[in-house]
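[1] following is a predicted model, sequence given first.
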Amino acid sequence: MIWNKSRECMSRDELANLQGGYLVKLVKYMYQNVAYYRKKMQKLGMEPGDICGIEDLGKLPFTTKEDLISAYPSGIFVVPQKRIARYHSSDNLTGPDRIVGYTKKDIDNWSECVARSISMANLGKKDVIQIMYNYAPFSEGLGAHYGAERVGAAIVPSGIGRTSGLAALMKKLHVTGIMGTPTYLLRLAHIVEEQGLKSGLNLKAVLCGAEPWTENTRRKIQDKLGVKAYDMYGLNELTGLGVACECEFQRGMHIQEDFFLTEILDTHTLAVLPDGLKGELVFTTLQKEGLPLIRYRTTHVTRIHYEKCECGRTMARIDRICKATSELLMICGKGVFITQIEEALVGLHFVATSYMVCIKKEKELDVVKVSMNYSADKPLSTEEKDAMLQQAEKALSSVIGVIPEISFAKNKRGIFSDNDKKVVVIDERM
Ligand SMILES: [Zn+2]
């Protein structure tokens with residue numbers, strides 16, 4: 001099912017013309033309204049007139065997460081506050097640098113992207129779609145909700161809760177589609193299997209997004225639920241879920257290229273890589289109003305391919321996102337910067353300068369294990385150590401959203417020398 005054939009199946013030449021027109025307008029808009037980006041262009045001796053189409057994209061400077069953080073708040077929103085219709089955050093709205101804003105038009109375009117994604121999974125107006133994402137303050141819940149509403153489906157906005165209860169609700173309401181994180185859907189799939197509900201369900205497809213997952217997890221979800229599980233990609237800064245999604249052939253995620261101009265970058269040389277090579281995903285938002293971005297480095301790694309898909313869509317596809325290049329970790333669907341972990345632990349007076357954080361998958365759930373040193377002049381009693389561990393656990397869980405397993409390094413001298421990096425993170429899920 002193709003939601004918007006005139007866009008999703010347009011010829012590559014037509015698409016390039018369309019993108020070029022948007023890009024020229026965008027560069028002018030950014031130059032006039034966004035100080036941090038104007039400065040970047042001026043530093044390179046550039047003016048908006050230097051950009052005549054997508055062939056000039058490579059002349060433009062990149063935007064990074066750090067640019068947004070340093071320009072926040074007034075510097076990133078291009079429109080006056082009264083035109084911002086909604087804010088979302090990848091945090092609990094406590095880290096202002098992670099807040100993004102949308103105009104009414106942005107929300108409308110975002111709904112279009114999600115509607116296209118839902119249609120790729122062959123779900124539509126006759127379906128009952130259960131949204132198993134947190135609704136606030138993250139973008140996933142409402143993003144999925146508005147897309148499902150756009151296709152005319154009946155929506156069950158259940159959020160996340162007691163998994164067993166949700167499985168029963170699916171049966172009761174004849175749910176045909178689910179949108180949720182792969183971790184959560186896998187948990188649900190286990191419950192469905194345990195309770196023998198599979199044959200009684202009306203499920204047709206599930207869409208998984210908002211965190212990295214593996215083919216192995218996909219297989220398990222598909223086997224246990226008996227339907228296809230579609231990979232869906234998005235990033236708060238770009239718009240949220242719906243930037244790209246798999247079609248029924250499940251050979252890469254189609255990017256909504258009339259909204260997002262895509263490049264793959266060699267992270268060492270910063271050169272744009274030829275098609276088919278793996279590198280950092282870089283996006284330019286072609287139609288965003290509230291928070292437009294030019295050549296935004298996502299820190300996500302994948303490859304892009306342009307050949308026409310069997311489904312008839314001409315939009316390019318990206319492979320599964322395999323790892324983040326920067327220090328942003330996804331833990332149970334939540335984005336956590338390594339610096340946040342560092343800040344939480346540094347705030348505790350007894351924690352020494354270095355610690356190791358290891359993230360694993362255990363029974364399909366993300367588990368965070370921390371090994372750290374303590375600084376104390378005298379030997380500590382077991383009670384004192386336990387109290388420290390409890391304090392560290394509390395500080396860290398408020399940041400990462402799950403309760404970590406924390407221990408002290410076995411030898412007093414610790415796990416690292418003083419010259420080592422303060423935080424070592426090992427992500428064993430990749
Ligand atoms: Zn396709």
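    Perfect, I can see it now.
[2] where does the spatially closest residue to Ser117 that is not a sequence neighbour fall, secondary structure wise?
    Take Ser117 and drop its neighbours on the chain: the residue closest to it by Cβ to Cβ, 6 or more residues apart in numbering is Cys245, 3.5 Å away. From N, CA and C alone the C-beta is placed, and that goes for glycine too. Using DSSP states H and E, the element containing Cys245 is strand 240-246.
[3] same question, Gly276
    Assigned by DSSP H and E, Gly276 falls within no helix or strand.
[4] how close does it get to the ion?
    17 Å (Cβ to the ion, to the nearest Å).
[5] what is the burial count for that residue?
    When neighbours are defined as other Cβ atoms under 10 Å, Gly276 has 12 of them.
[6] over to Gly58?
    10.
[7] got the phi and psi for the closest residue to it other than its chain neighbours?
    Nearest non-adjacent residue to Gly58, counting by Cβ to Cβ, 6+ apart: Val272, 5.9 Å away. Dihedral pair for Val272: phi -80, psi 130, per degrees, to the nearest 10.
[8] Provide a list of residues in contact with Val272.
    Gly58, Glu263, Ile264, Leu265, Asp266 (Cβ atoms under 8 Å, 6 or more residues apart in numbering).
[9] all helices of the stretch 251-400 of the chain, in order?
    338-346, 382-400 (DSSP state H, counting those that start in this stretch).
[10] elements contacting the last one?
    This points to helix 382-400. Where contact means 3 or more Cβ pairs under 8 Å, 6 or more residues apart in numbering; DSSP states H and E, helix 382-400 is packed against strand 334-337, helix 338-346, strand 365-374, strand 405-408.
[11] of all those, which lies closest to Ser89?
    Nearest to Ser89, of all the helices and strands packed on helix 382-400, is strand 334-337, at 9.8 Å by Cβ to Cβ.
[12] what mean pLDDT does the closest one have?
    Strand 334-337 shows a mean pLDDT of 76.
[13] and stretch 151-160, by the same measure?
    93.
[14] do stretch 209-227 as well
    For stretch 209-227, mean pLDDT is 87.
[15] chain center to stretch 194-207: distance?
    26 Å (Cα atoms, centre = their mean, to the nearest Å).
[16] only C-alpha atoms, please: export that stretch in CSV.
    C-alpha atoms of stretch 194-207 as CSV (Å, rounded to 0.1, in the frame of the first residue of the first chain):
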residue,chain,number,x,y,z
GLU,A,194,3.5,-17.7,27.3
GLN,A,195,-0.2,-17.1,27.5
GLY,A,196,-0.9,-18.9,24.2
LEU,A,197,-2.6,-15.8,22.7
LYS,A,198,-1.0,-15.9,19.3
SER,A,199,-3.8,-17.7,17.4
GLY,A,200,-6.5,-15.6,19.0
LEU,A,201,-5.0,-12.3,17.9
ASN,A,202,-5.9,-10.4,14.7
LEU,A,203,-2.4,-8.9,14.2
LYS,A,204,-1.2,-8.0,10.7
ALA,A,205,2.0,-6.1,11.3
VAL,A,206,4.1,-4.3,13.9
LEU,A,207,6.4,-1.3,13.4
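[17] returning to that earlier point: got the helices and strands packed on helix 382-400 as JSON lines, with distance to Ala71 and mean neighbour count columns?
    Converted to JSON lines, these look like this (distance: least, Cβ to Cβ, whole Å; neighbours: other Cβ atoms under 10 Å):
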{"stretch": "strand 334-337", "distance to Ala71": "17", "mean neighbour count": "21"}
{"stretch": "helix 338-346", "distance to Ala71": "18", "mean neighbour count": "17"}
{"stretch": "strand 365-374", "distance to Ala71": "31", "mean neighbour count": "20"}
{"stretch": "strand 405-408", "distance to Ala71": "35", "mean neighbour count": "18"}
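[18] a markdown table please, covering those and showing distance to the ion.
    Shown next, in a markdown table, are the helices and strands packed on helix 382-400 (distance: least, Cβ to the ion, whole Å):
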| stretch | distance to the ion |
| --- | --- |
| strand 334-337 | 28 |
| helix 338-346 | 36 |
| strand 365-374 | 30 |
| strand 405-408 | 42 |
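[19] and of the ones you listed, who's closest to Gln250?
    Taking Cβ to Cβ, strand 365-374 is the member of the helices and strands packed on helix 382-400 nearest to Gln250, at 24.0 Å.
[20] for the residue nearest to Glu215 when sequence neighbours are not counted, grab the count of nearby residues.
    Of all residues not flanking Glu215 in the chain, Arg320 sits nearest, at 7.5 Å (Cβ to Cβ, 6+ apart). Neighbours of Arg320 under the rule other Cβ under 10 Å: 16.
[21] Arg320 is in contact with Thr302, isn't it?
    Yes. Contact criterion Cβ atoms under 8 Å: Arg320 and Thr302 qualify, at 7.0 Å.
[22] let's verify the closest residue to Gly152 other than its chain neighbours: helix, strand, or coil?
    Nearest-residue entry for Gly152: Lys125, 3.2 Å, with adjacent residues in sequence omitted and distances by Cβ to Cβ, 6+ apart. Secondary structure, DSSP: H, G, I helix; E, B strand; the rest coil: Lys125 is coil.
[23] hang on, the earlier thing: so the residue nearest to Ser117 makes contact with Ser119?
    No. Contact status for Cys245 versus Ser119: not in contact, 9.2 Å apart, counting by Cβ under 8 Å.
[24] distance to Arg86 added to the helices of the stretch 251-400 of the chain, as CSV?
    Converted to CSV, those look like this (distance: least, Cβ to Cβ, whole Å):
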stretch, distance to Arg86
helix 338-346, 24
helix 382-400, 25
